[in-house]
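[1] build me a structure from this.
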Amino acid sequence: MPSLPDKLLRKDVLQAIDDLRLGRKHSFGPSVRYDLMYEDDRFAPKAVAGLAAERAVGFPFGPYDFKGGTNSKCFKLLTEAGFEIVRKLDFQPLPEEIDEEEEYTEGSVQKILINRYERDRRAREKCVAHYGAKCQVCNFDFEQTFGIVGKGYIHVHHVVQLAALQSHYIVDPVLDLRPVCPNCHAMLHRRTPPYSVTELRRIVEDRYPNRMTR
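    Numbering: from 1, shown residues only. Okay, the predicted model is just below:
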């Protein structure tokens with residue numbers, strides 16, 4: 001089975017995008033959960049990577065030669081070449097859900113472990129005790145809005161990119177986790193790699209400056 005090269009040149013990826021725009025025939029199907037965004041157009045990431053890799057190594061790739069997904073080599077090569085991968089508009093899972101398309105590499109194992117830390121009661125309690133049960137992106141407070149039914153309700157988000165972690169890494173609830181509302185949690189994961197809490201907060205501040213001063 002052919003394997004993807006260790007690097008995709010930007011010019012090869014751009015040529016692959018041009019080929020797709022021109023309707024070049026290929027064996028890759030449409031994307032299911034993610035799109036590669038370029039100049040306001042969306043493309044199937046595996047198709048782009050496969051055509052770009054063909055230019056790099058000189059032989060064709062098919063849909064079963066490599067996997068897609070958030071921790072896959074395919075997505076890593078495309079993002080390293082400077083391209084943005086986003087979730088499809090109609091695909092909105094909870095951020096802690098595991099992507100079924102992911103390769104079962106060390107990175108995927110780390111993601112499962114980190115998701116477990118995000119939902120772990122003790123880690124959650126320490127995170128919320130430090131920051132409060134208030135969204136660190138938009139300042140939304142469930143108790144303030146819904147009363148007692150919303151008391152203590154908040155998601156927690158992992159701020160360290162998985163690629164930077166080692167298998168023995170121990171999550172620090174204060175340094176590595178941030179309380180965020182479900183909407184902001186989903187928005188943080190709208191691209192690969194995720195937005196940082198600071199990046200998304202600036203987006204909200206630019207659009208709603210009065211809300212952020214409350």
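[2] what segments of this protein are strands?
    Taking DSSP state E, the strands of the chain run over residues 34-38, 41-43, 84-87, 155-158, 177-180, 191-192.
[3] helices or strands up against the last one?
    To tie it back to what came earlier, the one meant is strand 191-192. Applying 3 or more CB pairs under 8 Å, 6 or more residues apart in numbering; DSSP states H and E, one finds that strand 191-192 makes contact with strand 84-87. C-beta coordinates here come from the backbone N, C-alpha and C atoms, glycine included.
[4] so, low pLDDT: which residues of this protein?
    1, 89-121, 161-169, 211-214 (pLDDT under 70).
[5] where exactly do the helices run in it?
    10-21, 45-57, 73-80, 106-119, 121-131, 142-146, 182-188, 197-207 (DSSP state H).
[6] now those as TSV including distance to Asp35 and mean neighbour count?
    Formatted as TSV, the helices of the chain follow (distance: least, CB to CB, whole Å; neighbours: other CB atoms under 10 Å):
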stretch	distance to Asp35	mean neighbour count
helix 10-21	12	17
helix 45-57	7	23
helix 73-80	11	21
helix 106-119	21	16
helix 121-131	32	15
helix 142-146	32	13
helix 182-188	16	19
helix 197-207	20	15
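[7] okay, the ones you listed in TSV with distance to Tyr64 next?
    Below are these laid out as TSV (distance: least, CB to CB, whole Å):
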stretch	distance to Tyr64
helix 10-21	18
helix 45-57	10
helix 73-80	13
helix 106-119	19
helix 121-131	38
helix 142-146	45
helix 182-188	31
helix 197-207	36
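[8] got the contact list for the residue most central in space within the chain?
    Nearest to the geometric centre of the chain sits Thr192, at 3.6 Å (CA atoms, centre = their mean). Going by CB atoms under 8 Å, 6 or more residues apart in numbering, Thr192 touches Tyr34, Thr70, Phe75, Thr79, Glu84, Ile85, Val86.
[9] quick one: it and Ala186, what's the gap?
    14 Å (CB to CB, to the nearest Å).
[10] for Arg207, same thing?
    Distance, Arg207 to Ala186, by CB to CB: 17 Å.
[11] the domain parsing of the protein - what is it?
    10-87, 112-213 (automatic domain parsing).
[12] and of these, who's closest to Pro2?
    domain 10-87 (5.4 Å; CB to CB).
[13] what is the end-to-end distance of that closest one?
    21 Å (CA to CA, to the nearest Å).
[14] who's in contact with Asp19?
    Contacts of Asp19 (CB under 8 Å, 6+ apart): Leu51.
[15] against Cys74, how distant is it?
    Taking CB to CB, one finds Asp19 at 17 Å from Cys74.
[16] sorry, back to before: most packed of the strands of the chain?
    Burial of the strands of the chain is given as mean neighbour count (mean count of other CB atoms under 10 Å); strand 177-180 ranks first at a mean of 25.
[17] list of residues touching that strand?
    So strand 177-180 is contacted by 117-118, 123-124, 127-128, 131-137, 154-159, 171, 188, 197 (CB under 8 Å, 6+ apart).
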